[in-house]
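**Student:** Have a look; sequence and predicted model below, questions after that.
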Amino acid sequence: MAKTLRLILGDQLNSNHSWFKTIDDSVTYVMMEIRTETDYAQHHIQKVVGIFAAMQTFATELQSDKHQLIYIQLNDVNNLQSFDKNIQSLISKHDFTHFEYQLPDEYRVDIALKELCNAISISSEVVDSEHFFTTRNVLGDFFHGKKTFLMESFYRAMRKKHNVLMEGDKPLTGQWNYDIDNRKKLPKDHKPTEPLVFVNDVSAVLEEINATDIKTLGTIDAKNFVWPINRKQSLELLDFFAKECLPLFGSYQDAMSPNEWSLYHSRISFSMNVKLISPKEVIERVTSEWNQRSHEIEYHQLEGFVRQIIGWREYMRGIYWNQMPHYATLNFFNNQEKLPDWFWTGKTKMNCLKDAIQQSLHYGYAHHIQRLMITGNFALLAGVHPDEIDAWYLGIYMDAFEWVEITNTRGMSQFADGGIVGTKPYVSSASYIDKMSHYCGSCFYKKAIKTGDKACPFNSLYWNFYDRNESKLASNPRIGMMYNVWRKMKSEDKTALLEQANYYLKNINEL
Ligand code: FAD
Ligand code: DLZ
Ligand code: SF4
């Protein structure tokens, strides 16, 4: 009898996949906890625990639906600790005649599984993961013959193609993008909605990991694990977002405040990236909430959110598959520095960085502007090598998978791709951070001071960045104005700023 072996990866927990529509005795599924995946980055402990807990729950659900499934745990004696070795071993021990897997999201795993299929003697097939709106090569097709890939054009085409927030072939309300309305600072006395957190007991999974020498980072409260670990919880989190957070999502999307780790963000990236829920379900849930409460929820709150899901998320995936593997080697500014030690501890006097890093270590989460304009901004100003930055972002966040991490980090945040994702580097001095946050008031450093002991490091590092990269940036039409300001500055002021920046760069671990 023909017997099929089907591999399910840790980020392919999609119970609506057509694979699972029928129970078939000739099909056996396999899931595995393996060292190649736990060790390709130094992951946050909550990320490894969250993925294992979600994998184990998913496996139990499939088994109770009477699917045949082999689950290889991390410490199983027969675990050979990689996808290919375990699959080869299963094929040699059982009489499988056919092997199938879903398209992986990561280039490294894609290559490994293609090589595996060439090496095995049985037939094989790869199928779609049935999660994304688009195919891997969407950007190559969409921007055929063009040098630049503009996200806004892609986003509009996605809205049209999938009929999201459209009225015929026109955008609902007549305007495509409301980004301009989505840049408010949190009012001083405003208390954001308390985030919905789960109280999962994941002690058994933690014990399993602690029995190994896997190197992780961050902290965990294993009896009160806050992240969703199954589809039911993921849908609850989505529901909570739609009801409680959507009404203010857009307005405060870029806002930051000390000790407010979640604000009006959805925190559904982990659930979506491991495919417990799909982007289509997310779009449908938020649009239906708005349809019911359009008198109460301003349209820009909804549009800002929809843009993140069918715009940025699908676009970043398109960039990844269009540009890998050379994308992972790009270093436009030829940055060579190491990350400051305090990126791993949060022990710095800079309030904004302390808050963003400590919250990342505590929750495995920081929202977009903390990643882009606090940690990413500082790393770029400090000239840190993109490999170092990628490794940090790939490890520390619950939602970090290379396809969406590297495009955001090397692309959007570090401009290491020289402008494939973004049109200019996202850097700022203290004034932007102060405009969008409540960090500066209680900081050791002073936001308005540029030189001297109390000078905010962002201020001199900002000008130092522009000065040292002038040959690469001065012709960029979106930046030219900054160089006019720099050139007009008195030479003694320029010298003082550069000296201050050099002092900070030399003593970066003391900041
Ligand atoms: P919300 O603010 O509620 O947004 C809703 C959803 O929109 C997110 O869940 C996410 O799926 C999507 N989204 C929003 N912005 C982006 C974006 N720029 N790219 C792709 N999708 C987006 N996102 C990841 O999923 N994994 C990563 O590893 C990752 N690394 C990042 C690194 C850097 C340097 C930066 C600047 C951004 C990164 N992002 C990453 C994008 C974004 O910061 C996160 O998706 C978001 O913070 C997740 O939190 P949330 O679910 O509360 O998002
Ligand atoms: C991130 C991760 C980790 C830490 N561990 C596993 C694992 O043990 N087994 C597994 O199948 N997947 C894991 N993952 C997710 C994979 O890294 C992810 O499926 C691939 O990178 C493809 O995107
Ligand atoms: Fe951050 Fe500078 Fe503001 Fe301190 S003063 S919080 S270092 S921007």
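**Tutor:** Cool, the structure landed. Numbering: from 1, shown residues only. Ligands and ions are numbered 1, 2, ... in the order given.

**Student:** okay, CA-based contacts and neighbour counts for the rest of this
**Tutor:** OK.

**Student:** worst-scoring helix or strand of this protein, pLDDT-wise?
**Tutor:** helix 138-142 (a mean of 83; mean pLDDT, DSSP states H and E).

**Student:** Now the element after it, going C-ward?
**Tutor:** Downstream of helix 138-142, the first helix or strand assigned by DSSP states H and E is helix 151-161.

**Student:** Could you tell me the average pLDDT over the next helix-or-strand element following that next one, please?
**Tutor:** Next along the chain after helix 151-161, taking DSSP H and E as the criterion, comes strand 166-167. What strand 166-167 shows for mean pLDDT is 96.

**Student:** what helix or strand is the nearest residue to residue 179 once chain neighbours are set aside on?
**Tutor:** Counting by C-alpha to C-alpha, 6 or more residues apart in numbering, residue 179 lies nearest to residue 304, which is 6.6 Å off, once chain neighbours are set aside. Assigned by DSSP H and E, residue 304 falls within helix 299-306.

**Student:** Could you do residue 321 as well?
**Tutor:** helix 314-323.

**Student:** gap between that helix and the chain center?
**Tutor:** For helix 314-323, the separation from the chain centroid amounts to 13 Å (computed by C-alpha atoms, centre = their mean, to the nearest Å).

**Student:** just stretch 459-472 next, same as before
**Tutor:** On C-alpha atoms, centre = their mean, the centre of stretch 459-472 falls 27 Å from that of its chain.

**Student:** and that stretch, which residues are buried?
**Tutor:** For stretch 459-472, burial by neighbour count (16 or more other C-alpha atoms under 10 Å) applies to 459-467.

**Student:** just stretch 308-316 next, same as before
**Tutor:** Quick answer for stretch 308-316 (16+ other C-alpha under 10 Å): 309-316.

**Student:** can you narrow the residues you listed to ones near ligand 1?
**Tutor:** Contacts with ligand 1 within the buried residues of stretch 308-316, counted by C-alpha under 6 Å from any ligand atom: 309, 312-313, 316.

**Student:** Show me which helix runs longest in the chain.
**Tutor:** Longest helix in the chain, counting residues (DSSP state H): helix 45-64.

**Student:** And the next helix or strand along the chain from that one, what does it pack against?
**Tutor:** Next along the chain after helix 45-64, taking DSSP H and E as the criterion, comes strand 68-72. Here strand 68-72 touches strand 27-32, helix 45-64, going by 3 or more C-alpha pairs under 8 Å, 6 or more residues apart in numbering; DSSP states H and E.

**Student:** 7 Å instead, please
**Tutor:** strand 27-32 (3 or more C-alpha pairs under 7 Å, 6 or more residues apart in numbering; DSSP states H and E).

**Student:** Helix 45-64 and the strand it packs on, what's the angle between them?
**Tutor:** 160 degrees (axes from the mean of the first three to the mean of the last three C-alpha atoms, to 10 degrees).

**Student:** gap between strand 27-32 and the chain center?
**Tutor:** In terms of C-alpha atoms, centre = their mean, the centre of strand 27-32 is set 28 Å apart from its chain centre.

**Student:** try stretch 151-170
**Tutor:** Worked out by C-alpha atoms, centre = their mean, stretch 151-170 lies 24 Å from the chain centre.

**Student:** Can you name the residues in contact with it?
**Tutor:** The contact list for stretch 151-170 (C-alpha atoms under 7 Å, 6 or more residues apart in numbering) reads 171-172, 307, 310-311, 315.

**Student:** Go again with 10 Å.
**Tutor:** 133-134, 138-139, 142-143, 171-174, 176-177, 280, 283-284, 287, 299, 302-303, 306-312, 314-316, 421-422 (C-alpha atoms under 10 Å, 6 or more residues apart in numbering).

**Student:** For PyMOL, what selects the buried ones among those?
**Tutor:** Selection of buried members from these for PyMOL, criterion 16+ other C-alpha under 10 Å:
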select buried, resi 133+138+139+171+176+283+287+299+302+303+306+307+309+310+311+312+314+315+316+421+422
